[in-house]
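S.K.: My questions are about this predicted structure, shown below with the sequence.
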Amino acid sequence: MKTNDLLRTIKNFIDTDKREQISKYESLKRLMKKLKTKQNILKEKVKNETDINAKKGLEEKMKVLKAQRKKGLKLLKELKNEI
Amino acid sequence: MIKKIFLPTIFLLLTYGFWLSPDFKVITAGIAIFLFGMLALEQGFNAFAGGTLEKTLRKSTNNMWKSLTFGFTAATVMQSSSLVSVITISFLSAGLIGLVEGMGIIFGANVGSTTGAWLIAGFGLKVKISAYAMPMLVFGVIFIFQKSKFLKGLGYILAGLGFLFLGIHYMKEGFEAFQNQISLTDYAMEGFGGVLVFTLIGILATIIMQSSHATLVLVITALSVHQVTYGNALALVIGANVGTTITAVLGSLTSNTDGRRLALSDVLFKVTAGIVFMLAMNPVIGLVDIVSSTIGIADDDYTLKLAVFHTIFNVTGVIIMVPFTGKLVSFLMRVMPTQAPQIEKARYLSSASAEIPAAAIEAVRKETVRLYDLSVDTIIRGLSLNRSVLAPDSKVEDVINNSSKIMLQQDIDDIYERRIKSIYADIVAFISQSQSSMGAPDHLDRLLQLREVGRDLVETIKGIKHLQKNLNIYTVSANPDIRQEYNNMRILICRVLQELEVIRTGEDESATILSLDQIKVEINERDIIKTGRLDRLIREHRISAPMAISLMNDSAYYQEICRNLIHMGGMLFTSSDQRDEEAENSVALDEVEIKEVVDEYVEEATK
């Protein structure tokens, strides 16, 4: 490990606030990944659904998921900048 | 097993009895009408509970002498101690008076009833209050139809009294066939055996004729034609006094434990006095002679002597019983303990765990989940559905739209008191107790969050209670539009619960509290007012104005129910990892964002 990297790791370890921010970031990132997978599954379902009403319902779900992801990604960006 | 076959057996026996004897039919119908009268009377007095009647009763019975005087006066005016006993039982059942006051009234009424013997013996007069039964019923029912609570209550009291008299009348009629078969000369006997036999005959005759006055008339007549000896006649009077308690016993069948205790105290009063008098018959005869000669009654005027005996009997009874009232009350409490209502108690909250933060949180969480389970049962039944509708693979819409059955209405107030409130109260108390031992602020926050969950559940149950009334009417309505609107409410509430179940079990990893956002959108989308659907339904005359008002009110209730459930679920079924929970909460959509999604969707749909 280079000296600078080592120093940063030590600094991060000592700085509790920062450590918390990193942990928050990691959790959010994990969640975003989960939501992305869910979105892909939903996309596939919408494609294969033949019943109009069911398709409508799935599309609605997609909209909500997109809005959640949009919000999450914005937060993720903010957290990254803070770290 | 016995419980299951008890009712069918009673029905079978009664049916057999009806087939066997028309008199039996009249007697049992009389008892049924009498009991119905008791119920009406109680309902009537309930209407006055907490008002002037209660105050007046309290004032007139706040010590033993006042109670005795009250009972004495009432029985003298009504000329029936049984009726006073029955009314006192209904006072007691309605919570207007206490057991001791009730006992005072009944004891006083027993003395008051002796005035009847004087009237019969002295003037041959018989006050027949039963003649008022029919007018009482007519006036009572007219009053029941009135809107005023006071008149309604009065109506129930009048109708109740009318039914009581009518019931007694039918019982008497039914027994008339047996009455003619009672010939006192057949049993003439001397000594203690005679006293015993004639007391039993007196009891039997009074039960049959449903009136101690009627027995007294019979005894006086028999005595005047020398059908019975003087000694046997006195035993008959003892029997009449004991037998008259049957009315109070019958009356107590529909009452609460206090009413039954009062009926038992009446029986004990009469039986104790009866035994004392049976054992001391000779000294009592001597006492009657002394009293009679003191007040100027001729030695051979047995009918008036009978009235003296009747009075001494009841006054002695009061003298014997009043000093032991306190002991009698504790005896009655022991013999007939109050049946405590089955109240659910907390299972996981122990005082030991209150001291350890992690244990306390886990205990509260488990208890809150239990509270949630009980609440879901109540909600589902309130929606006239079974819990199976919440299975993950269940098609809620199909189940609800195809169900046209309304389940037997549950008493949500009772369930709330017995199951929900009691547990929630335990949770609140436990949280208050363990707050001081919570070191970290996070722990305290979690506890307070769980307390909030309980409050949401309580609010939900209250919402269901409001919703239930119209739901039961409109989900089986012939109008398809209103039916569908109410079914939509049921569907969305079930969808929330179904989603919560999925999140709770954790079987579907993708199901988190974020899944609830989808339902929030649906609730907004289906809002009957915002979407203009309500106006359209009224404009097209598809629903009436009262239906529209019900829909407006109930739509607010159901939305509140859903919101409370979602809010609660977000706190109760969070991720086990605190960081993950925080992440989920930060991504969950707020009201404004939900509205944006809805608007966007509506816009696309209109395009």
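M.R.: Arrived safely, thanks for sending.

S.K.: surely B:Gly317 meets B:Lys270?
M.R.: Yes. When contacts are counted by Cβ atoms under 8 Å, B:Gly317 is listed as touching B:Lys270 (7.1 Å). The C-beta positions use only the backbone N, C-alpha and C, and glycine is treated the same way.

S.K.: Need the residues touching each of those two.
M.R.: B:Asn110 (Cβ atoms under 8 Å, 6 or more residues apart in numbering or on different chains).

S.K.: The two: which is more packed in?
M.R.: Neighbours were counted for B:Gly317 and for B:Lys270 using other Cβ atoms under 10 Å in any protein chain shown; B:Lys270 has more, 28 against 23.

S.K.: and the gap between the more buried one and B:Leu264?
M.R.: Noted for B:Lys270: a distance of 11 Å to B:Leu264, by Cβ to Cβ, to the nearest Å.

S.K.: quick one: low-confidence parts of the stretch 151-300 of chain B?
M.R.: B:172, B:175-189, B:209-211, B:213-214, B:217, B:221, B:224-225 (pLDDT under 70).

S.K.: any chance you could map the helices in it?
M.R.: For the stretch 151-300 of chain B, helices defined by DSSP state H, counting those that start in this stretch occupy the ranges B:191-209, B:212-224, B:230-243, B:245-252, B:257-279, B:281-294.

S.K.: and what of the stretch 1-150 of chain B?
M.R.: Assigned by DSSP H, counting those that start in this stretch, the stretch 1-150 of chain B shows helices spanning B:2-20, B:22-48, B:52-60, B:64-78, B:81-93, B:99-112, B:114-123, B:133-144, B:149-179.

S.K.: Of those, which is nearest chain A?
M.R.: helix B:2-20 (46.5 Å; Cβ to the nearest Cβ).

S.K.: buried stuff in the closest one?
M.R.: Neighbour counts over helix B:2-20 (16 or more other Cβ atoms under 10 Å in any protein chain shown) mark no residue as buried.

S.K.: Who are the packing partners of it?
M.R.: When contacts are defined as 3 or more Cβ pairs under 8 Å, 6 or more residues apart in numbering or on different chains; DSSP states H and E, helix B:2-20 sits against helix B:22-48.

S.K.: any idea how far the helix it packs on is from the chain center?
M.R.: 16 Å (Cα atoms, centre = their mean, to the nearest Å).

S.K.: quick check: angle from it to helix B:81-93?
M.R.: 50 degrees (axes from the mean of the first three to the mean of the last three Cα atoms, to 10 degrees).

S.K.: Now helix B:22-48: average pLDDT?
M.R.: Averaging pLDDT along helix B:22-48 gives 79.

S.K.: Does anything pack onto it? Which helices or strands?
M.R.: helix B:2-20, helix B:81-93, helix B:149-179, helix B:245-252.

S.K.: Okay, angle between the first one and helix B:22-48 too, please.
M.R.: Our comparison of helix B:2-20 with helix B:22-48, counting by the same axes, to 10 degrees, yields an angle of 130 degrees.

S.K.: same deal with the last one?
M.R.: Note on geometry: by the same axes, to 10 degrees, helix B:245-252 and helix B:22-48 are set 60 degrees apart in direction.

S.K.: For B:Val228, which of the helices and strands packed on helix B:22-48 is the nearest?
M.R.: helix B:149-179 (16.2 Å; Cβ to Cβ).

S.K.: for that closest one, which positions count as buried?
M.R.: So, applying 16+ other Cβ under 10 Å, buried residues of helix B:149-179: B:152-172, B:174-175.

S.K.: counting contacts, what elements does that helix pack onto?
M.R.: Against helix B:149-179 (3+ Cβ pairs under 8 Å, 6+ apart) you get helix B:22-48, helix B:81-93, helix B:133-144, helix B:191-209.

S.K.: who wins for proximity to A:Leu58 among those?
M.R.: That would be helix B:22-48 among the helices and strands packed on helix B:149-179, by Cβ to Cβ, at 55.7 Å.

S.K.: Tell me the residues of chain A that contact chain B?
M.R.: For chain A, the residues found near chain B under the criterion Cβ under 8 Å from any Cβ of the partner chain are A:23-24, A:26-28, A:30-31, A:34-35, A:37-38, A:41, A:60-61, A:63-64, A:67-69, A:71-72, A:75.

S.K.: which of those count as buried?
M.R.: A:24, A:27-28, A:31, A:34-35, A:38, A:60-61, A:63-64, A:67-69, A:71-72, A:75.

S.K.: Among those, name the ones in helices.
M.R.: A:24, A:27-28, A:31, A:34-35, A:38, A:60-61, A:63-64, A:67-69, A:71-72, A:75 (DSSP state H).

S.K.: so where does B:Asn314 fall, helix or strand?
M.R.: helix B:302-321 (DSSP states H and E).

S.K.: That helix relative to helix B:64-78, how many degrees between them?
M.R.: 150 degrees.

S.K.: Please save the CA atoms from whatever helix or strand comes next after helix B:302-321 in CSV.
M.R.: As assigned by DSSP H and E, the chain's next helix or strand after helix B:302-321 is helix B:325-335. What follows is helix B:325-335, C-alpha atoms only, in CSV (Å, rounded to 0.1, in the frame of the first residue of the first chain):
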residue,chain,number,x,y,z
THR,B,325,-75.5,-8.1,55.8
GLY,B,326,-71.8,-7.6,55.6
LYS,B,327,-71.1,-11.3,56.2
LEU,B,328,-73.9,-12.2,53.8
VAL,B,329,-72.3,-10.1,51.1
SER,B,330,-68.9,-11.7,51.6
PHE,B,331,-70.6,-15.1,51.6
LEU,B,332,-72.4,-14.3,48.3
MET,B,333,-69.2,-13.0,46.8
ARG,B,334,-67.4,-16.2,47.7
VAL,B,335,-70.2,-18.5,46.5
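
S.K.: Can you name every helix or strand that helix B:325-335 contacts?
M.R.: When contacts are defined as 3+ Cβ pairs under 8 Å, 6+ apart, helix B:325-335 packs onto helix B:99-112, helix B:257-279.

S.K.: Remind me what the shortest one packs against, helices and strands.
M.R.: In other words, helix B:99-112. Right, helix B:99-112 is packed against helix B:64-78, helix B:81-93, helix B:257-279, helix B:302-321, helix B:325-335 by 3+ Cβ pairs under 8 Å, 6+ apart.

S.K.: Same check on the last one?
M.R.: In terms of contact count using 3+ Cβ pairs under 8 Å, 6+ apart, helix B:257-279 is assigned the packing partners helix B:81-93, helix B:99-112, helix B:191-209, helix B:230-243, helix B:245-252, helix B:302-321, helix B:325-335.

S.K.: For residue 28, which non-adjacent residue is closest in space?
M.R.: Assuming you mean chain A. B:Ala583 (4.6 Å; Cβ to Cβ, 6 or more residues apart in numbering or on different chains).

S.K.: my bad, the chain I had in mind was chain B
M.R.: B:Leu14 (6.5 Å).

S.K.: And B:Arg526, by the same measure?
M.R.: B:Asn488 is the one closest to B:Arg526 (Cβ to Cβ, 6+ apart), at 6.2 Å.

S.K.: what's the following helix or strand after the helix or strand where that neighbour lies?
M.R.: If you go by DSSP H and E, B:Asn488 is part of helix B:480-505. Using DSSP H and E, the helix or strand that follows helix B:480-505 towards the C-terminus is helix B:516-525.
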